[in-house]
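In: Next come a sequence and a model predicted from it.
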Amino acid sequence: MTDQSVTHATIVVERIYDAPVARVFAALAEPEARARWSVPSTDQELVYDEADFSVGGHDIYRCGPVGNLMFHGTTRYEDIVPDRRIVSVETVVHEGTRASVSLITVELAPSASPAGSATRLVLTDQIVSFGGADMVAGSEAGFGAALDNLALELRREPVNA
């Protein structure tokens with residue numbers, strides 16, 4: 001990441017999940033669930049060193065290829081409305097250099113489905129990359145894959161069931 005350019009982008013990813021809003025929100029809120037579904041592929045991993053899902057709270061994490069967690073991140077929660085909205089600021093550092101800062105909004109709303117209640121999720125990432133367009137492309141691909149994995153997570157048996 002020797003490129004010193006600044007790239008701004010807005011990424012919007014939408015999904016419909018065949019699960020109630022409360023179930024989707026729980027999968028977004030629980031660090032153990034997030035660690036399972038938020039990596040884009042099985043050759044990637046995410047480790048939370050701290051997790052505080054509350055307004056003003058923050059998560060500190062490491063992620064990257066299995067065995068090489070080269071990205072370090074901090075997520076600070078600015079606004080949480082249970083079953084409706086999560087707004088956070090995320091900073092990602094790669095090899096000691098700030099790679100990106102994002103304002104991320106996740107919105108949840110009930111949606112009708114043939115099987116019953118469903119949830120519409122809209123994730124908006126307003127990102128500034130300090131290393132060019134590659135970080136933006138990586139964020140877009142990563143969020144898309146992670147939200148696809150969330151569908152698999154929602155099929156798991158709930159812990160409280």
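Out: Received it, and whenever you're ready, just let me know what you need.
In: where does the chain have low pLDDT?
Out: Segments of the chain classed as low confidence (criterion: pLDDT under 70) are 1-4, 113-116, 157-161.
In: just checking, what packs against the helix ranked longest in it?
Out: Here the longest helix in the chain is taken by residue count, with DSSP state H as the criterion, and it is helix 133-155. Applying 3 or more C-beta pairs under 8 Å, 6 or more residues apart in numbering; DSSP states H and E, one finds that helix 133-155 makes contact with strand 7-17, helix 21-29, helix 31-37, strand 97-113, strand 116-129. The way it works is simple: take the backbone N, C-alpha and C, and place the C-beta from them, glycine included.
In: For the shortest one, name the packing helices and strands.
Out: Spelled out, that is helix 31-37. Judged by 3+ C-beta pairs under 8 Å, 6+ apart, the packing partners of helix 31-37 are helix 21-29, strand 44-50, helix 133-155.
In: then that helix to CSV, C-alphas only?
Out: Once non-C-alpha atoms are left out, helix 31-37 reads as follows in CSV (Å, rounded to 0.1, in the frame of the first residue of the first chain):
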residue,chain,number,x,y,z
PRO,A,31,-19.6,-11.2,18.1
GLU,A,32,-19.5,-15.0,17.9
ALA,A,33,-22.0,-14.9,15.1
ARG,A,34,-20.2,-12.0,13.3
ALA,A,35,-16.9,-13.9,13.5
ARG,A,36,-18.6,-16.9,11.7
TRP,A,37,-20.4,-15.1,8.9
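In: Pull the distance from it to the chain's centre.
Out: Its chain's C-alpha centre and that of helix 31-37 lie 10 Å apart, by C-alpha atoms, centre = their mean, to the nearest Å.
In: List the contacts of residue 34.
Out: If a contact means C-beta atoms under 8 Å, 6 or more residues apart in numbering, then residue 34 has 27, 28, 46, 48 as its contacts.
In: wait, isn't residue 99 in contact with residue 136?
Out: No: at 10.5 Å, residue 99 does not count as touching residue 136 under the criterion of C-beta atoms under 8 Å.
In: what sits in contact with each of these two?
Out: Taking C-beta under 8 Å, 6+ apart as the contact criterion, the residues that touch both residue 99 and residue 136 are residue 129.
In: so what's residue 145 closest to, chain neighbours aside?
Out: Closest residue to residue 145 apart from its sequence neighbours, by C-beta to C-beta, 6 or more residues apart in numbering: residue 40 at 3.5 Å.
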